[in-house]
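Undergrad: dropping the sequence and predicted coords here.
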Amino acid sequence: MAKLGTEITHDNGFNRNDDFNKNLVRKIKAKADIIKLGGGKENIEKHHKRNKLTARERIEKLIDPGSYFLEIGLFAAYDMYNEYGGAPASGTIFGIGKIHGRDVVIVANDATVKAGAWFPITCKKNLRAQEISIENRLPIVYLVDSAGVFLPLQDEIFPDKEHFGRIFRNNAVMSSMGIVQISAIMGPCVAGGAYLPIMSDEAMIVEKTGSVFLAGPALVKAAIGEDADIEELGGASMHCEISGVTDYKMPNDEVCLETIRNIISKLGQTPKAGFDRIASKLPNLDPSEIYGIFPEDRTKPYDTYQILSRIVDDDSFDEYKAGIGKTIITGYARVDGWAVGIVANQRALVKTKKGEMQFGGVIYSDSADKGTRFIMNCNQKNIPLIFFQDVTGFMVGTRSEQGGIIKDGAKMVNAVANSVVPKITFITGNSYGAGNYAMCGKAYDPRFIFAWPTAQIAVMGGKQSSETLLTIRLGGNKDKISEEEKQKMLSEIQERYNRQLDPLYAAARLWVDDIIDPIDTRKIISYTLGIAANNPNIPRFNPGVIQT
């Protein structure tokens with residue numbers, strides 16, 4: 001067993017880093033608190049006056065008292081749709097919580113935000129919820145309270161493959177897979193959205209507040225000239241006593257949620273994936289020191305072993321191929337007792353046996369080859385993989401190209417793409433170019449992917465990109481434009497590009513599932529591994545063609 005890190009001195013540099021990173025976390029948490037208010041206190045009060053619980057109150061009553069709720073996509077739609085007044089959390093709350101000790105995906109429309117209307121990113125968020133349910137074989141509960149598609153943006157949500165209709169397609173596929181789906185109609189449920197609860201295994205509806213129909217009174221009047229009220233068209237009594245569309249009539253939100261809990265409590269037990277877990281040990285070193293280790297200046301090197309030693313269980317790390325490919329750290333470890341394989345970018349400058357220095361955060365040929373072999377080994381052993389990304393990309397230049405860096409990089413990308421064990425990714429710092437792919441970015445199907453507040457995701461770093469974009473914009477006019485004008489143009493490009501590097505920009509578009517406090521990393525690894533263990537169907541690993 002290898003000791004990953006050592007005690008460190010809390011010097012001025014440590015303290016500057018500590019203050020900087022804690023401030024980043026404070027800012028993220030402050031934004032999260034505002035987002036959790038949904039449409040604001042005034043809209044929440046209106047909601048309560050209708051004898052309705054808010055979406056967050058419903059989730060709190062649905063999950064086991066005092067249990068953890070892993071929210072996904074809290075920052076979805078952040079700083080988007082501003083011309084329409086914004087859409088906090090995209091008007092939908094979803095995550096994984098425990099109901100009678102069982103992991104369950106919960107999706108709740110937030111009717112305080114545009115009456116729960118669906119924006120394009122809302123659809124993407126709901127599809128992500130279904131994806132998590134499918135990948136981890138989890139029951140899913142839909143708490144429906146939505147006015148339907150946000151009509152000004154209907155062309156971005158209605159007809160395409162990954163649009164609104166995909167959700168109902170998934171309802172059908174999930175049903176055929178034996179994934180339990182339960183819906184509660186706790187507010188409006190109109191038009192195409194009516195299919196979601198009715199394609200679930202069971203549907204309940206709350207009296208006086210819940211309604212479900214293909215067309216509301218106004219549209220019915222316009223279409224066929226018939227006068228009908230909401231209760232007559234699609235209220236609880238009509239659907240439970242006449243149409244038979246819904247299965248349970250509930251007097252209020254509280255009884256409805258308790259009924260869902262009762263149904264979940266009676267579900268049959270299912271096999272687990274068989275990932276190894278033993279008694280947990282605390283990390284060797286204090287996790288809160290991560291704040292002081294991770295540098296304020298992202299161009300500065302740091303020792304990734306020091307980060308890992310504050311996340312993994314004490315005396316649990318067995319490093320794989322420690323002597324070569326040193327810009328990637330690979331090894332078997334335990335996190336809260338779970339057996340894991342760790343693939344992490346080493347950000348310190350490292351020296352090869354030939355005495356050459358290699359840049360931290362860059363993937364070289366030997367690093368890619370080591371990463372490939374280790375990923376294959378973890379698949380052979382049924383050990384989940386944890387990726388820690390702080391990568392600027394693959395090494396470039398004549399020597400690297402002649403050494404076959406493209407081939408070696410392709411081998412690692414191939415292994416990640418074909419990996420069948422659960423993969424959980426944390427973007428701690430840089431996530432640039434093909435390094436994002438090789439270290440299991442969103443396109444490579446991690447079961448879960450999270451970002452620290454220090455994360456940046458882009459094709460390349462801000463400085464390189466901005467200078468490249470400036471060169472393109474100037475074209476053949478570079479000698480005709482003053483240096484002052486060039487600097488102004490460069491500043492404008494950098495400002496726009498840096499905004500896109502912000503982890504909030506990524507989280508808004510669901511490139512990551514959430515932005516997390518670094519010291520919560522260990523807890524989240526353990527929780528998500530427990531979720532992943534619910535799917536016992538791990539297919540045989542077939543790496544495809546990997547050139548040697």
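TA: Ah, there it is. Numbers count the residues shown, from 1 in each chain.
Undergrad: now find how far off-centre the longest helix seen in the chain is within its chain.
TA: For the chain, the longest helix by residue count, based on DSSP state H, is helix 12-35. Helix 12-35 sits 21 Å away from the centroid of its parent chain (CA atoms, centre = their mean, to the nearest Å).
Undergrad: please apply the same query to stretch 224-231.
TA: Using CA atoms, centre = their mean, the offset of stretch 224-231 from its chain centre is 43 Å.
Undergrad: quick check: end-to-end length of that stretch?
TA: By CA to CA, to the nearest Å, the extent of stretch 224-231 from end to end equals 18 Å.
Undergrad: that older thread, could you say what helices and strands the longest helix of the chain packs with?
TA: Contacts defined by 3 or more CB pairs under 8 Å, 6 or more residues apart in numbering; DSSP states H and E place helix 12-35 against helix 290-293. C-beta: built from backbone N, CA, C; applies to glycine.
Undergrad: same for the helix it packs on, what does it pack against?
TA: Short answer (3+ CB pairs under 8 Å, 6+ apart): helix 290-293 packs on helix 12-35, helix 304-308.
Undergrad: check these for me and report the most buried one.
TA: helix 304-308 (a mean of 23; mean count of other CB atoms under 10 Å).
Undergrad: quick one: strands adjacent to the following helix or strand past that helix?
TA: Remark: after helix 304-308, the chain's next helix or strand is strand 318-319, criterion DSSP states H and E. When pairing is defined by DSSP bridges, strand 318-319 lines up against strand 328-335 (antiparallel).
Undergrad: who are the neighbours in contact with Arg447?
TA: Contact criterion CB atoms under 8 Å, 6 or more residues apart in numbering gives Ile132, Glu135, Asn136, Pro422, Lys423, Ile424, Thr528, Ile531, Ala532 as the residues in contact with Arg447.
Undergrad: repeat that for 6 Å
TA: By CB atoms under 6 Å, 6 or more residues apart in numbering, the contact list for Arg447 reads Glu135, Pro422, Ile424, Ala532.
Undergrad: do I have it right that the last one meets Pro422?
TA: Yep, that's Ala532 we're talking about. Yes: at 3.9 Å, Ala532 and Pro422 qualify as touching, with contact defined as CB atoms under 6 Å.
Undergrad: mind checking which of the contacts of Arg447 land in helices?
TA: Residues of the contacts of Arg447 located in helices (DSSP H): Glu135, Ala532.
Undergrad: coming back round to it: residues in contact with the longest helix of the chain?
TA: With contact meaning CB under 6 Å, 6+ apart, helix 12-35 is reached by Leu74, Pro88, Ala89, Tyr291, Gly292, Phe294, Pro295, Glu296, Pro453, Ile515, Asp517.
Undergrad: then stretch 45-60?
TA: Ile44, Ile93, Ile106, Ala108, Asp110, Thr112, Leu143, Thr209, Asp253.
Undergrad: try it again at 7 Å.
TA: With CB atoms under 7 Å, 6 or more residues apart in numbering as the test, stretch 45-60 has contacts from 36, 38, 44, 69, 93, 97, 106, 108-112, 143, 186-187, 209, 252-253, 257.
Undergrad: with stretch 405-423 instead?
TA: With CB under 7 Å, 6+ apart as the contact definition, stretch 405-423 has outside contacts at 363, 365, 368-369, 371-372, 375-376, 378-379, 382-385, 387, 394-395, 434, 437-438, 440, 444, 446-447, 532, 538-539, 541-544, 546-547.
Undergrad: least trustworthy helix or strand in the chain by mean pLDDT?
TA: Taking mean pLDDT, DSSP states H and E as the measure, helix 462-474 is the helix or strand of the chain with the lowest mean score, a mean of 64.
Undergrad: C-terminal to that helix, what's the next element?
TA: helix 483-501.
Undergrad: what's the average pLDDT for that next one?
TA: Throughout helix 483-501, pLDDT has a mean value of 75.
Undergrad: what does stretch 286-299 give?
TA: The average of the pLDDT scores along stretch 286-299 is 95.
Undergrad: repeat for stretch 50-65
TA: For stretch 50-65, mean pLDDT is 97.
Undergrad: mind saving the C-alpha coords of stretch 527-535 as CSV?
TA: What follows is stretch 527-535, C-alpha atoms only, in CSV (Å, rounded to 0.1, in the frame of the first residue of the first chain):
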residue,chain,number,x,y,z
TYR,A,527,-23.2,7.8,-3.0
THR,A,528,-23.0,7.5,-6.8
LEU,A,529,-21.3,4.1,-6.6
GLY,A,530,-24.1,2.9,-4.4
ILE,A,531,-26.5,4.1,-7.1
ALA,A,532,-24.5,2.5,-9.9
ALA,A,533,-24.5,-0.8,-8.0
ASN,A,534,-28.2,-1.2,-8.6
ASN,A,535,-27.6,-2.3,-12.2
